[in-house]
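# the following block contains a protein sequence and its predicted model.
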Amino acid sequence: MKKKILIIEDEENLANIIKNSLEKENFDAKVVTQGDLAIDEFYNFSPNLILLDINLPKKNGWEICDEIRHYSKIPIIIMTARDTELDEIHGLKLGADDYITKPISIKVIILKIKKLLKMEDNEFFHLDGLTFDYNTFKVNFNNEEITLTKREALLLEYFFRNQNIILARETLLNEVWGFEFSGEERAVDTLVTRLRKKLGIYGDYIKSIRGVGYVFNQS
């Protein structure tokens with residue numbers, strides 16, 4: 001299931017840029033532009049993390065942070081143009097988990113979110129709406145699980161971990177079936193065909209290399 005991020009930010013252009021960037025990283029993001037609506041949206045949306053601006057209309061970020069902290073330990077990252085040490089200390093004392101000053105780096109925000117949610121990059125593979133969990137071998141496309149056999153999941157994992165590398169059929173046999181497998185290389189072709197079909201449009205990224213094997217390439 002996608003992690004939900006509530007963005008409380010009155011600069012709509014910035015808020016939407018953050019929202020779109022998070023959605024590309026497979027998060028479910030929602031924007032609130034007015035401080036007085038933030039608490040209601042917090043309860044309605046039930047986010048996993050909050051990005052919180054300080055200078056908001058009708059209710060400022062300090063008040064929102066303080067109120068949420070009375071009821072929840074949800075991670076809160078403060079985003080603000082206020083860059084004084086006193087402001088940062090005040091935010092952290094109110095219970096914020098991190099503090100980012102504007103102008104904001106989207107890459108930094110995403111890294112901080114993943115760190116606070118304990119989502120290390122090596123645990124998941126993301127490709128648009130497709131997510132592969134390296135720990136459970138589960139594949140989800142837009143929150144719908146794609147059912148794979150164990151061998152299909154092993155093959156897909158090997159493709160993801162070796163992108164843009166041409167993989168010989170023999171290599172795939174050894175990695176997916178094991179060195180003791182006595183079957184023919186045609187087993188690789190059969191498995192690739194099944195996997196492509198289950199992946200739909202993403203199956204096209206598994207490209208055949210005539211006389212050699214396959215390569216997973218997003219271009």
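Yes, it's here. Numbering: from 1, shown residues only.

# for Lys138, see how far away the closest residue to Asp133 other than its chain neighbours is.
Excluding the flanking residues, the one nearest Asp133 by Cβ to Cβ, 6 or more residues apart in numbering is Phe124, at 5.8 Å. Quick note: C-beta positions are derived from backbone N, CA and C, even for glycine. Per Cβ to Cβ, to the nearest Å, Phe124 is found 10 Å from Lys138.

# what's the answer for Ala29, then?
Distance, Ala29 to Lys138, using Cβ to Cβ: 22 Å.

# one more: Asp66?
Asp66 is 38 Å from Lys138, by Cβ to Cβ.

# got a list of what the residue nearest to Ile5 when sequence neighbours are not counted touches?
Nearest residue to Ile5, sequence neighbours excluded (Cβ to Cβ, 6+ apart): Ala29, at 4.7 Å. Counting by Cβ atoms under 8 Å, 6 or more residues apart in numbering, Ala29 touches Lys4, Ile5, Leu6, Ile7, Ile18, Lys19, Leu22, Glu23.

# so Ala29: helix, strand or coil?
strand (DSSP: H, G, I helix; E, B strand; the rest coil).

# pLDDT score assigned to it?
The model reports Ala29 with a pLDDT of 95.

# and what of Asn162?
Asn162 is given a pLDDT of 86.

# okay, Phe178 and Glu145: tell me how far apart.
You called it Phe, but residue 178 is Gly. Note on Gly178: its distance to Glu145, by Cβ to Cβ, is 27 Å.
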